[in-house]
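*Asks:* Dropping the sequence and predicted coords here.
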Amino acid sequence: MELNGTPATLDQIKTLALTNYGHFTSMLVESGKVRGLSLHLQRLAHDCRHLFNTELDTDRVRAYVRNVLTGDERTVARVTVFDPALNLGTIGSDADPQVLVTVREASRGEPSPWRLQAASYSREEPKVKHVGLYGAMRHRRTAQREGFDDVLFLNPNGTISEIATSNIGFIRDGQTIWPRSEMLPGTTMRLINQALDQPITTEPVTLADLESMEAAFATNAATGVRPIASIEGVEWNTDHKAIHELRELYADIPPEQV
């Protein structure tokens, strides 16, 4: 765990717990390379302007990520941008955002299928990957304690938006379908859309529409493409041909050197 390229102290990072104002991105690093690295950096720059009204030096971020990498390991690096000097009383002050890089071991092998519980919830400012995860984690906890793997969010009108920390897509008649909704456009989702040789299709999707889908999948930078086994009482074949094709499509996307 490093802050601006040097080991972080508890005093420096306590603002994340006490004030909880900032943003982040997580990326899978393999042999020093990341699929969609440019998209991750664009996200960080955009969210820094939005949250802190200042520009972020993404070359500096890149150097900080390189600094924590060793050898050819497979790891998930999280870049969190926050200002340790801000507190609950001074949150309106001019900001000097700092860059915290943490790493954890990445899982190996294909991700196991998920069973999802649906819940009515919309993340605050869904297009920003901010650190305010209470609502999402509360619903995930409820889902897991009731025997599910994760939670699927529904808008007030009943349409599907996203999973707690992943995007969701569907297959119907061989076509990839994304929910038309306010959501965080994940890097994996965006990379797949760039690589698909078919028009990008979005439409409002409700729980009532799930029976018409042939398969469902989740996308996330740490795990790539993950099959969805069920949502509530609707089940799918997790070995669907389209899921394998999406995995191969994603695997063929050239990674960028950090």
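*Replies:* The structure has been received and is ready for your questions.

*Asks:* Tell me which helix or strand comes right after the longest helix anywhere in the chain.
*Replies:* Across the chain, the longest stretch assigned as helix under DSSP state H is helix 37-52. Toward the C-terminus, helix 37-52 is succeeded by helix 58-68 as the next helix or strand (DSSP states H and E).

*Asks:* tell me which residues in that next one are buried?
*Replies:* Using 16 or more other Cβ atoms under 10 Å as the test for burial, helix 58-68 gives 58, 61-62, 64-65, 68. Glycine gets a C-beta too; all of them are placed from N, C-alpha and C.

*Asks:* do stretch 163-178 as well
*Replies:* Residues 163-172, 176-178 are the ones in stretch 163-178 that count as buried (16+ other Cβ under 10 Å).

*Asks:* what do you get for stretch 241-248?
*Replies:* Quick answer for stretch 241-248 (16+ other Cβ under 10 Å): 242-243, 246-247.

*Asks:* what sits up against it?
*Replies:* Where contact means Cβ atoms under 8 Å, 6 or more residues apart in numbering, the residues beyond stretch 241-248 that reach it are 110, 171, 174, 176, 192, 214-215, 217, 224-225, 227.

*Asks:* go on, stretch 101-109?
*Replies:* Contacts of stretch 101-109 (Cβ under 8 Å, 6+ apart): 1-3, 28-30, 64-65, 67-69, 74-80, 222-223.

*Asks:* still on that earlier bit, got a winner among the contacts of stretch 241-248 for most neighbours?
*Replies:* Greatest neighbour count in the contacts of stretch 241-248, by other Cβ atoms under 10 Å, goes to Phe217: 26 neighbours.

*Asks:* Straight-line length of stretch 141-159, end to end?
*Replies:* Stretch 141-159 stretches 22 Å from its first residue to its last (Cα to Cα, to the nearest Å).

*Asks:* again, but for stretch 207-223
*Replies:* End-to-end distance of stretch 207-223 (Cα to Cα): 25 Å.

*Asks:* And that stretch, what's buried?
*Replies:* Residues of stretch 207-223 classed as buried: 207, 209-210, 213-223 (neighbour count, 16+ other Cβ under 10 Å).

*Asks:* OK, contacts around Ala222?
*Replies:* When contacts are counted by Cβ under 8 Å, 6+ apart, Ala222 touches 26-28, 76, 106-107.

*Asks:* could you dump those residues to TSV with pLDDT?
*Replies:* Listed next are those as TSV, based on pLDDT from 0 to 100:
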residue	pLDDT
Ser26	97
Met27	97
Leu28	97
Val76	96
Ala106	90
Ser107	85
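
*Asks:* for those, which one is nearest Leu39?
*Replies:* Closest approach to Leu39 among the contacts of Ala222 (Cβ to Cβ): Met27, at 9.4 Å.

*Asks:* any idea how far the closest one lies from Thr187?
*Replies:* Counting by Cβ to Cβ, to the nearest Å, the separation of Met27 from Thr187 is 8 Å.

*Asks:* neighbour count winner among these two?
*Replies:* Higher neighbour count among Met27 and Thr187: Thr187, with 26 against 22, using other Cβ under 10 Å.

*Asks:* nearest residue to the more buried one other than its sequence neighbours?
*Replies:* With Cβ to Cβ, 6 or more residues apart in numbering as the criterion, Thr187 has its nearest non-adjacent residue at 4.0 Å, and that residue is Gly36.

*Asks:* wait, doesn't that neighbour sit right on Gly186?
*Replies:* No. With contact defined as Cβ atoms under 8 Å, Gly36 does not count as touching Gly186 (9.1 Å).

*Asks:* Return every residue with contacts to both of the two.
*Replies:* In terms of Cβ under 8 Å, 6+ apart, Gly36 and Gly186 are both contacted by the residues Ala221.

*Asks:* helix/strand/coil for the closest residue to Asp239 other than its chain neighbours?
*Replies:* Nearest residue to Asp239, sequence neighbours excluded (Cβ to Cβ, 6+ apart): Pro227, at 7.7 Å. Using DSSP: H, G, I helix; E, B strand; the rest coil, the structure places Pro227 in strand.
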